[in-house]
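Student: pasted the sequence and its predicted model underneath.
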Amino acid sequence: MQITKEEFKKELEQKLDSQFAVDVEHASLGELYSALSNVLRDGYAPNWRETRIKEAHEGKKQVYYFSIEFLPGTLLRSNLLNLGWMDTVKSALKDLGLNLDDIAAKEPDMALGNGGLGRLAAAFMDSLASTGYVGNGNGIRYKYGLFKQKFVNGYQVELPNDWLQKHNHWEVMRDNKSVLVHFGGQVNLVQKDNWMTPEYNGGYSIKAVPYDIPVVGYHTGIVNTMRLWDAEIPESEEINYPTIDDRRKVEDLTSILYPDDSSYSGRLLRLKQEYFFVSAGLQSILRYYTKDLKQNDMHNLPKYVAVHINDTHPAMAVAELMRLLVDEYHIDWDEAWKITVQVMSYTNHTIMAEAMEKWDINMMTQLLPRIMQIITEIDRRYVISLTGKVAESVINDTRIVNNGNVQMAHLAIIGSHSVNGVAPLHTHLLETEVLKEFYELYPERFNNKTNGITLRRWLQIANPKLSKLLDQTVGRDWRTDSAKMLLLQDSYKNAKVLKQINEIKLENKEKLAKFIKKTTGITVDPTAIFDVQIKRLHAYKRQTLKLLHIIKLYHDLKNGIDHPKRVVIFGAKAAPSYTYAKDVIKVINEVANVINNDASIHGKLKVIFLENYDVTLAEKIIPAADVSEQISTTTKEASGTSNMKLMANGALTVATMDGANVDIAKAVGQDNIFIFGLNKDQVYDYYNKHDYKPRDMYNSDQVMKETVDALIDGSFSKAANEGRVLYDSFLQENEEFLVLADFESYLQAQKKIEENWHDQRSWAQKALVNIAHSEEFNADNTVARYAKDIWGLKKLN
Ligand code: GPK
């Protein structure tokens with residue numbers, strides 16, 4: 001539905017009046033945000049309704065993306081953009097003396113995820129709707145999103161992120177679509193009507209209430225649904241929860257994202273969450289299949305339904321679908337298994353061993369007795385099917401139940417017809433190292449699907465100026481057909497375009513500089529190199545290597561060795577129980593303090609650690625970046641996606657040949673990226689031979705020694721203890737992340753960056769090539785590959 005400026009103004013006035021009894025002139029920004037989002041809701045509501053009718057009518061196969069994390073960020077501007085209202089509304093607001101960005105800033109960031117995995121899930125939602133597919137999200141409506149990060153004395157402090165406090169304007173609660181999820185008790189199997197039927201003894205049910213969030217497609221008229229589940233006490237059982245405390249225990253189930261898993265009670269809560277949203281999601285899928293689509297043959301389920309298991313957290317979907325098919329629909333085990341495997345598919349997002357989820361059998365038996373029985377049976381049949389055919393060791397390594405644990409990745413792989421990694425190198429490592437035995441058992445299941453990003457958000461919303469330049473150079477079509485972005489390369493020698501690229505970057509940097517001033521009080525020079533590392537804080541991502549580079553630059557400047565002006569910008573949250581990562585934050589903050597306050601270096605180097613990195617902050621930083629730091633230990637970063645967003649905004653990448661950096665390097669060519677560090681074979685050589693001796697490197701390299709010593713020699717005395725922790729970690733024999741092994745090569749890459757910076761025309765050319773080739777990482781294309789190869793979807797008519 002389109003809208004004219006005048007219609008929009010009238011609608012906005014009406015909403016302000018009916019909701020708040022104010023006029024435009026007297027409305028607060030919060031009131032304006034609320035009214036504006038309500039006008040928008042009226043705009044897409046008919047499409048949402050029609051999409052549902054069409055879905056049921058056409059009966060096309062749908063994918064349900066099960067993910068314990070979704071990170072959509074804010075939705076006002078992306079809904080405006082996708083609905084085709086952006087320009088009209090911006091200009092109408094301007095007429096009224098208002099600014100869209102100020103109003104949009106009132107929307108809380110929907111941070112229902114930690115990092116890349118959650119953001120990818122949100123990107124896929126947007127792309128499905130924007131390319132014409134029916135796709136549904138299935139997740140949890142956490143009352144508190146990912147913690148709000150503050151720095152106190154340089155330390156990370158976590159505060160609750162009460163994002164629902166001011167009401168979520170997009171969600172619709174659908175009480176009539178609630179389902180019950182059962183926990184605990186005992187289960188006996190009894191023969192009934194020729195069927196082994198479970199009889200439940202004790203336990204309790206929790207009511208899962210869906211909150212639907214619309215996913216507006218870009219100019220497609222399609223509005224899909226992201227369904228997030230909340231926990232309530234069933235009306236019939238209220239009597240069992242007489243006190244407020246009792247009630248709170250139930251509601252706690254959906255109150256926080258990723259409860260701390262370092263304690264037993266925290267882990268139990270997490271397991272509960274996983275089963276809760278998996279069971280609720282599958283029950284609602286089967287209800288839709290039977291009631292709305294009026295299908296009664298479960299054998300046809302795979303023709304209508306694909307369930308995607310995003311990382312292992314929803315892996316219980318395999319067992320839960322088996323339970324529903326066998327217990328509730330009386331399908332033979334073997335038949336049910338075939339259906340399940342055809343319906344399920346799984347994405348692995350990391351090779352890090354500690355991320356491979358496992359659950360204690362006793363815990364699972366107590367909380368989910370029937371699910372544990374079913375998993376045991378799946379495992380038993382798996383073992384039988386392979387006995388005598390493959391080595392016993394293979395069976396032991398790959399079975400689901402072993403050493404007292406349920407291996408969730410094994411359940412996901414054995415129960416899915418497709419297993420994918422998220423970049424070619426990552427998939428290769430899964431096939432040859434991490435999941436080698438599975439790959440040998442099921443080679444046909446393995447495939448790669450390189451990650452992608454929502455270019456609409458990272459260009460059209462976050463960087464309108466660059467988007468306009470693209471309009472002027474390649475035509476507006478790139479907005480729907482990103483391959484057109486490649487045409488930007490025709491302007492490779494166009495002095496005007498190159499100048500504009502630099503001017504736009506400078507304007508974006510000026511804006512970020514103002515934000516930095518406002519939030520930190522620190523003045524930064526917008527003409528300096530803006531050198532950006534934004535991602536979760538993790539040892540493998542090596543914020544530590546960047547830190548060493550900063551110290552090296554500082555020493556040089558103090559010793560009269562000149563460097564181009566540089567502002568290093570970090571954004572990163574550390575998991576609350578991850579002390580090493582928190583130590584890194586403290587050290588960076590104290591190093592920053594010393595450097596930023598040292599007048600002797602004349603402001604040539606500034607270090608800014610911005611608090612509370614989230615999607616909203618990313619939208620401010622990314623358009624202003626000159627250099628994109630992608631410096632993980634090779635083999636450790638499955639893909640990375642901030643690398644793609646930064647390149648799309650014309651930042652040049654300094655990178656190890658890890659994850660999707662490999663693909664970015666291939667896309668832009670060696671001249672337009674700064675590659676350094678050990679390659680995957682060298683990394684595995686160190687691992688296999690156990691002969692990484694960082695202390696020898698340190699002792700024989702004066703520069704390295706001076707740099708690392710600064711962590712313990714009193715230079716940064718306010719982080720003495722944490723500095724010592726980092727120092728010790730770097731020098732530990734066989735240190736896993738090989739920080740010092742890449743130090744020298746990283747310095748070389750940075751030197752090259754400085755040399756290139758002096759030639760601003762050639763820098764702009766490199767930026768141009770990066771912008772043009774970022775189209776290769778359009779999530780629309782990624783989703784198209786999932787739709788075709790894994791889910792078997794057809795577009796809506
Ligand atoms: C991987 F295993 C995990 C995890 O628990 N959380 C998470 O965000 C990331 N990821 C990878 O680290 C990235 O390399 C990758 O791009 C992203 O998932 C999406 O696939």
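Tutor: Right, received. Where do you want to start?

Student: how about Ile595, secondary structure?
Tutor: helix (DSSP: H, G, I helix; E, B strand; the rest coil).

Student: can I see the domain layout of the chain?
Tutor: 1-58+75-108, 65-72+114-451+783-791, 456-777 (automatic domain parsing).

Student: now render those as JSON lines, adding distance to Asn797 and mean neighbour count.
Tutor: The C-beta positions use only the backbone N, C-alpha and C, and glycine is treated the same way. Listed next are the domains of the chain as JSON lines, based on distance: least, CB to CB, whole Å; neighbours: other CB atoms under 10 Å:
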{"stretch": "domain 1-58+75-108", "distance to Asn797": "6", "mean neighbour count": "17"}
{"stretch": "domain 65-72+114-451+783-791", "distance to Asn797": "9", "mean neighbour count": "19"}
{"stretch": "domain 456-777", "distance to Asn797": "18", "mean neighbour count": "19"}
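
Student: could I get those in a markdown table, plus columns for mean pLDDT?
Tutor: Converted to a markdown table, these look like this (pLDDT from 0 to 100):
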| stretch | mean pLDDT |
| --- | --- |
| domain 1-58+75-108 | 97 |
| domain 65-72+114-451+783-791 | 95 |
| domain 456-777 | 98 |
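
Student: now render the ones you listed as a markdown table, adding distance to the ligand.
Tutor: Shown next, in a markdown table, are the domains of the chain (distance: least, CB to the nearest ligand atom, whole Å):
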| stretch | distance to the ligand |
| --- | --- |
| domain 1-58+75-108 | 20 |
| domain 65-72+114-451+783-791 | 3 |
| domain 456-777 | 4 |
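
Student: need phi/psi at Ala655.
Tutor: phi -150, psi 150 (degrees, to the nearest 10).

Student: test my guess that Tyr686 contacts Met697.
Tutor: No - between Tyr686 and Met697 there is no contact, the gap being 11.9 Å when judged by CB atoms under 8 Å.

Student: quick one: common contacting residues for these two?
Tutor: Shared contacts of Tyr686 and Met697 (CB atoms under 8 Å, 6 or more residues apart in numbering): Ala741.

Student: thought Asn672 was touching Ile771?
Tutor: No - contact between Asn672 and Ile771 fails when scored by CB under 8 Å: they sit 10.6 Å apart.

Student: for the stretch 1-150 of the chain, what spans make up the helices?
Tutor: 5-20, 29-58, 76-83, 86-95, 100-104, 116-130 (DSSP state H, counting those that start in this stretch).

Student: reformat these as CSV; add distance to Glu320.
Tutor: Shown next, in CSV, are those (distance: least, CB to CB, whole Å):
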stretch, distance to Glu320
helix 5-20, 41
helix 29-58, 23
helix 76-83, 32
helix 86-95, 41
helix 100-104, 39
helix 116-130, 19
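
Student: so for Lys505, which of the ones you listed sits nearest?
Tutor: helix 100-104 (18.9 Å; CB to CB).

Student: what's next to the closest one, contact-wise?
Tutor: 29, 32-33, 36, 74, 76-77, 80, 89-90, 93.

Student: check stretch 501-521 too.
Tutor: Contacts for stretch 501-521 (CB under 8 Å, 6+ apart): 463, 465-466, 469, 522-527, 530, 569, 608, 610-611, 620-621, 623-624, 626, 650, 760, 763-764, 767-768, 771.

Student: return the subset of these lying in strands.
Tutor: Under the assignment DSSP state E, the contacts of stretch 501-521 contribute 530, 569, 608, 610 to strands.

Student: can you tell me the closest non-neighbouring residue to the first one?
Tutor: What sits nearest to Phe530 in space, not counting adjacent residues and going by CB to CB, 6 or more residues apart in numbering, is Asp626, at 4.7 Å.

Student: could you measure from that neighbour over to Thr641?
Tutor: Note on Asp626: its distance to Thr641, by CB to CB, to the nearest Å, is 19 Å.

Student: same thing with Glu736?
Tutor: On the measure of CB to CB, Glu736 and Thr641 end up 23 Å apart.

Student: swap in Leu469?
Tutor: Counting by CB to CB - Leu469 and Thr641 are separated by 23 Å.

Student: what pairs with the lengthiest strand in the chain, and is each one parallel or antiparallel?
Tutor: Determined from DSSP E, the single longest strand within the chain is strand 204-216. In the sheet, strand 204-216 lines up against strand 172-173 (antiparallel), strand 179-183 (antiparallel), strand 223-232 (antiparallel) (DSSP bridges).
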